[in-house]
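>>> sequence? don't have it. structure:
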């Protein structure tokens, strides 16, 4: 059992809570179970009272209440693919990124593509918000719209046709406040909107509704 705060594993966990170096941390028994079910082996696991003294594990936890278990995993990046992909452009909030991963898993998306200026999907907040989907949905890193499976449809506000299924290809989602840059929209094969009474939706909500609208006809 680890009894020293200077243990190399605890030092690495502290470091990974601040920045990713090809590895990431998942906290909580539910996330560790999700990883195991997805066949994603841990580099190592630390369980309170078994592998490490409880107070030492709490000290390296990113959760305010501490944790009973955490594990370190190797990151996995895939090529953008799948009958249905959702791409995130400038989505800064890691909680939104994690929630979109969860929605992608729920609607059977083959991939979540992380575009420029988007939060790290392997960051602690994104991993927690994904509720285990980080282990079951392929994640890609892209620099341009051309790298995405087509057809590519930009989700926009204002003048555009309503989004509707069936949908294959890539749905491109931007930030809540600024939306997608004009150049990104122009690079897509088309644009569509969700019919709402207000001005905008939270990025994760927009992505979730978009996935629903794009898949509900196809999946009948």
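Looks like it came in fine. From a predicted model like this one, the values you see are computed outputs, not experimental measurements. Residues are numbered from 1 along each chain as shown.

>>> Enumerate every residue touching the closest residue in space to residue 20 that isn't next to it in sequence.
Of all residues beyond its chain neighbours, the one nearest residue 20 is residue 122 (5.4 Å), with distances taken as C-beta to C-beta, 6 or more residues apart in numbering. Quick note: C-beta positions are derived from backbone N, CA and C, even for glycine. By C-beta atoms under 8 Å, 6 or more residues apart in numbering, the contact set of residue 122 is 20, 24, 75, 134, 139.

>>> Mind putting those into a markdown table with distance to residue 203, pLDDT and neighbour count?
Output for the contacts of residue 122, formatted as a markdown table (distance: C-beta to C-beta, whole Å; pLDDT from 0 to 100; neighbours: other C-beta atoms under 10 Å):
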| residue | distance to residue 203 | pLDDT | neighbour count |
| --- | --- | --- | --- |
| 20 | 21 | 76 | 16 |
| 24 | 22 | 97 | 23 |
| 75 | 22 | 97 | 14 |
| 134 | 17 | 98 | 30 |
| 139 | 17 | 98 | 21 |
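
>>> Sort out for me which of those residues are in helices.
Cross-referencing those against helices under DSSP state H gives no overlap.

>>> Same list (those residues) but as a markdown table, adding distance to residue 14.
What follows is the contacts of residue 122, written out as a markdown table (distance: C-beta to C-beta, whole Å):
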| residue | distance to residue 14 |
| --- | --- |
| 20 | 13 |
| 24 | 13 |
| 75 | 18 |
| 134 | 21 |
| 139 | 24 |
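
>>> Nearest to residue 109 among those?
Sorting those by distance to residue 109 puts residue 139 at the head of the list, at 10.9 Å, by C-beta to C-beta.

>>> my read: that closest one touches residue 76, true?
Yes. With the criterion set as C-beta atoms under 8 Å, residue 139 and residue 76 qualify as a contacting pair; they are 7.1 Å apart.

>>> What are the buried residues along the one helix or strand residue 101 maps to?
Following DSSP states H and E, one finds residue 101 within helix 94-106. For helix 94-106, burial by neighbour count (16 or more other C-beta atoms under 10 Å) applies to 94, 95, 96, 97, 98, 99, 100, 101, 102, 103, 104, 105.

>>> And that helix, what does it pack against?
strand 84-89, strand 111-114, helix 124-129, helix 203-215 (3 or more C-beta pairs under 8 Å, 6 or more residues apart in numbering; DSSP states H and E).
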